[in-house]
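[1] Could you work out the structure for the sequence below:
(one chain, ligands or ions: 3)
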Amino acid sequence: MRALPGPPCEGFPLTSSSASSLSARPHALAAYGWDEYWAAEFAPYAAEGLLPGRVVRVDRGQCDVMTEDGVIRADTAFVTPHDPLRVICTGDWAAVEAAGNPRYVKAYLPRRTAFVRSTSSQRSEGQILAANVDHAVIAVSLAGEPDLGRIERFLALAWESGAQPLVVLTKADLVPDPDTLAYLVRDVETTAPGVQVLAVSSHTGEGTDVLAAIVSGGTSVLLGTSGAGKSTLANALLGEDVMDVQATREVDGKGRHTTTTRNLLALPGGGVLIDTPGLRGVGLFDAEAGVGQVFSEIEDHAADCRFHDCAHESEPGCAVLAAVADGSLPERRLESYRKLLRENQRIVAKTDARLRAELHRDWRLKAAQGRANYAAKRGGRA
Ligand SMILES: Nc1nc2c(ncn2[C@@H]2O[C@H](COP(=O)(O)OP(=O)(O)OP(=O)(O)O)[C@@H](O)[C@H]2O)c(=O)[nH]1
Ligand SMILES: [Mg+2]
Ligand SMILES: [Zn+2]
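    Numbers count the residues shown, from 1 in each chain. Ligands and ions are numbered 1, 2, ... in the order given. Sure, this is the predicted structure:
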């Protein structure tokens, strides 16, 4: 099997001869998601005298790493390779030098999951937005009518990342009529099979307790357009004003971005939250499986088409077109599905084939292997 994207410093000498004295120690990092799995993965680096830590912020050649000794500012020269998907990212587990000025991050552990989009530049390159995320929280403001197409796009990337998506409709206080609110939630639910849709208000506190319970386990990332209310929600979940919020703004999604770096925060009720800068657009990046999951009801219908290779255009016996005809499948959904599949094919065709082959990982598969290896090792010791 091909190498999966992981620590880019293969040249760094590793020995596994010495005992991993650190593996029992770093419980100070438990609030940041450190567990036996990561301890086992980190053992060879611990043997080299490197410190484990979680990247809480990356900023121009440097990053802040939360270690058991507190936050260390470290240089990222060793973990900033040419391939943007291998650049160290908020949420990564880093191996940091124990001393030195500057201190260097020498490696990071293979990611369990990674949220990737393609950048809007002509060269379709992938960009990692967050690593090792369990819940991808897509924040959509109720200040305007929710853009269903954009939600579907975020969801495709979220499914593809290996994280469980969740849609949070923010600023619910701006929709005081309960019937209208229920209608909006249902409308978004039809675009998000298998995904929980939750209306919340950081101002009134509505729904935030349910969200707090969901994000109290694992690592969650807040994603969405600028002004969606991500940082306000982060502050509500933290119970204090950690993230800056612009007091007033006229239109969501426009103007200056308030948050400019991705920040990882430990929540008081457990769990870890990553707040991100608003995204104007999210391009798909090799996300065919993710698209399939967003439109799972279409793929269910397609199983009943007469022809195995039905394109759902005009074929006889097409169950997808029949569903559109009888009103059970909104035509908008089918059009959106086609549009995203086409866009994904374009990106895939443009991306370097070698790179894709290498990336044609499945982070979920990787995670499953990691856990299986770990379980086997543990079983061996027991
Ligand atoms: N009415 C209402 N306004 C809110 C709510 N949450 C946030 N806002 C307002 O929405 C604006 C944007 O909030 P932010 O939290 O900065 O949005 P953001 O998504 O973090 O924006 P970026 O950092 O630019 O990506 C601010 O003026 C907030 O006061 C809410 O629950 N209700
Ligand atoms: Mg913000
Ligand atoms: Zn068909």
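
[2] any idea how far residue 268 is from the residue nearest to the spatial centre of the chain?
    Among the residues of the chain, the one closest to the centroid is residue 115, at 3.7 Å (C-alpha atoms, centre = their mean). Distance, residue 115 to residue 268, by C-beta to C-beta, to the nearest Å: 24 Å. (C-beta placed from N, C-alpha, C; glycine too.)

[3] got it, and residue 332?
    For residue 332, the distance to residue 268 (C-beta to C-beta) stands at 41 Å.

[4] thinking again about what came up before, next SSE downstream of the helix or strand where the residue nearest to the centre of the chain lies?
    Using DSSP states H and E, residue 115 sits in strand 114-118. Following strand 114-118 in sequence order, the next helix or strand is strand 126-131 (DSSP H and E).

[5] How far away from the center of its chain is that next one?
    8 Å (C-alpha atoms, centre = their mean, to the nearest Å).

[6] now stretch 186-204
    The answer for stretch 186-204 is 18 Å, by C-alpha atoms, centre = their mean.

[7] Next, the distance between the ends of it.
    Using C-alpha to C-alpha, to the nearest Å, the end-to-end distance of stretch 186-204 comes out at 21 Å.

[8] Does ligand 2 have contacts with that stretch?
    No. Using C-beta under 5 Å from the ion, stretch 186-204 never reaches ligand 2; the gap is at least 11.7 Å.

[9] Look up how far ligand 1 lies from residue 184.
    When distance is defined by C-beta to the nearest ligand atom, to the nearest Å, residue 184 is 15 Å away from ligand 1.

[10] in the helix or strand hosting that residue, what counts as buried?
    Element membership for residue 184 (DSSP H and E) is helix 178-190. Neighbour-count burial for helix 178-190, counted by 16 or more other C-beta atoms under 10 Å, picks out 181, 184-185, 188.

[11] What residue in the chain is the furthest from its centre?
    Largest centroid distance in the chain under C-alpha atoms, centre = their mean is residue 316 at 39.9 Å.

[12] Report the contact partners of that one.
    If you count contacts by C-beta atoms under 8 Å, 6 or more residues apart in numbering, residue 316 has them with residue 306.

[13] does residue 345 sit in a helix or strand, and which one?
    Per DSSP H and E: residue 345 is located in helix 331-350.

[14] now the angle between strand 114-118 and that helix, please.
    Orientation check (axes from the mean of the first three to the mean of the last three C-alpha atoms, to 10 degrees): helix 331-350 against strand 114-118 gives 90 degrees.

[15] who's the residue nearest to the centre of the chain bridged to?
    Listed by DSSP bridges, the beta-bridge partners for residue 115 are residue 130.

[16] Looking at the helix holding residue 345 now, give me its mean pLDDT.
    Mean pLDDT, helix 331-350: 89.

[17] Can you report phi and psi for whichever residue of the stretch 1-150 of the chain sits closest to ligand 3?
    Relative to ligand 3, the nearest point of the stretch 1-150 of the chain is residue 149 (21.8 Å; C-beta to the ion). Main-chain torsions, residue 149, degrees, to the nearest 10: phi -60, psi -40.

[18] how much space between residue 202 and residue 227?
    Separation of residue 202 from residue 227 (C-beta to C-beta) stands at 13 Å.

[19] These two - which one has more neighbours?
    Neighbour comparison, residue 202 and residue 227: the larger count goes to residue 227, with 26 against 23 (by other C-beta atoms under 10 Å).

[20] Residue 280 is in contact with that one, correct?
    No. Assessed by C-beta atoms under 8 Å, residue 227 is found out of contact with residue 280, at 11.0 Å.

[21] Where does pLDDT dip in the stretch 251-382 of the chain?
    Across the stretch 251-382 of the chain, residues meeting the criterion (pLDDT under 70) sit at 251-256, 351-382.

[22] residue ranges for the helices of it, please.
    Taking DSSP state H, counting those that start in this stretch as the test, the helices found in the stretch 251-382 of the chain are 288-294, 296-302, 319-325, 331-350, 353-359, 363-381.
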